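Chemist: take this sequence and fold it.
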Amino acid sequence: MISFSTTKRTLLLAFALLMSSPTIAQSDVWHDLLSALKFADVNRARLEFDCNQNPLYRTKDMLVALCKKRYEVPNHVYEEAALPYLKKHLTESMAKQALAQVSGNTWQSLSRKLRTEIRTGKHDQLTQEDIDLLEKQNQSEVGKALSIFASDKEQGIAVARAILTY
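Modeler: Prediction:
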């Protein structure tokens, strides 16, 4: 018979190993960053604009399906599809830095304004101060890496595929 203390020690050891696993630690920062960036919402905003403005999104079956499903698909599906590409472009240290930058109230306000501009196609939400702040952030190493991630065509294809297969 296994004693309670042996079982307890085994569980504590397993928990310690699990928590020290680099995959788990990285996964948390990457997921947290995608969530803080409102990645799924930004993609939905872009799709909304395309669905309303681009005639191809009303005629091509695959694009029509993307438009119909964009709000049905949970955030985690968008994020899981993008995760390998985020890891490709940002080191763990960069992801932690980016997370620190985008977790504050200033970023959340900017993010809301950006999503509105993306969704409507009207560039009337950001103040000059907002634009200056974004330009400064985009010139940093982390900002450049995030820009490359955002414009990675393979990432876009992976997210679209995930939406379509959900």
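
Chemist: for the chain, give me the ranges with low pLDDT.
Modeler: Within the chain, the stretches falling below the threshold (pLDDT under 70) are 1-27.

Chemist: this structure: helices as residue ranges?
Modeler: 4-20, 22-36, 39-53, 56-59, 61-69, 75-89, 92-102, 105-120, 128-139, 141-150, 153-165 (DSSP state H).

Chemist: now render the ones you listed as TSV, adding mean neighbour count.
Modeler: The way it works is simple: take the backbone N, C-alpha and C, and place the C-beta from them, glycine included. Listed next are the helices of the chain as TSV, based on neighbours: other Cβ atoms under 10 Å:
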stretch	mean neighbour count
helix 4-20	10
helix 22-36	16
helix 39-53	18
helix 56-59	12
helix 61-69	14
helix 75-89	19
helix 92-102	18
helix 105-120	16
helix 128-139	12
helix 141-150	17
helix 153-165	15
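
Chemist: hang on, E48 packs against T116?
Modeler: No. Here E48 lies out of contact with T116, judged by Cβ atoms under 8 Å, at a distance of 10.6 Å.

Chemist: grab the nearest non-local neighbour of E79.
Modeler: L34 (4.3 Å; Cβ to Cβ, 6 or more residues apart in numbering).

Chemist: that should have said Q155, apologies.
Modeler: With sequence-adjacent residues excluded and distances taken as Cβ to Cβ, 6+ apart, Q155 is closest to Y85, at 3.7 Å.

Chemist: got a list of what the one you found touches?
Modeler: Counting by Cβ atoms under 8 Å, 6 or more residues apart in numbering, Y85 makes contact with F149, D152, E154, Q155, A158.

Chemist: out of these, which comes closest to R70?
Modeler: Using Cβ to Cβ, A158 is the member of the contacts of Y85 that lies nearest R70, at 15.3 Å.

Chemist: show me what contacts the closest residue to that closest one other than its chain neighbours?
Modeler: Nearest in space to A158, with sequence neighbours left out and distances taken as Cβ to Cβ, 6+ apart, is A81 at 4.5 Å. With contacts defined as Cβ under 8 Å, 6+ apart, A81 is in contact with Q155, A158, V159, R161, A162.

Chemist: again, but for V159
Modeler: N43, Y78, A81, A82.

Chemist: which residue, other than its chain neighbours, is closest to the second one?
Modeler: Spatial nearest neighbour of Y78, excluding adjacent residues (Cβ to Cβ, 6+ apart): A40 at 3.8 Å.

Chemist: could you measure from that neighbour over to P84?
Modeler: In this structure, A40 and P84 are separated by 16 Å, where distance is defined by Cβ to Cβ, to the nearest Å.
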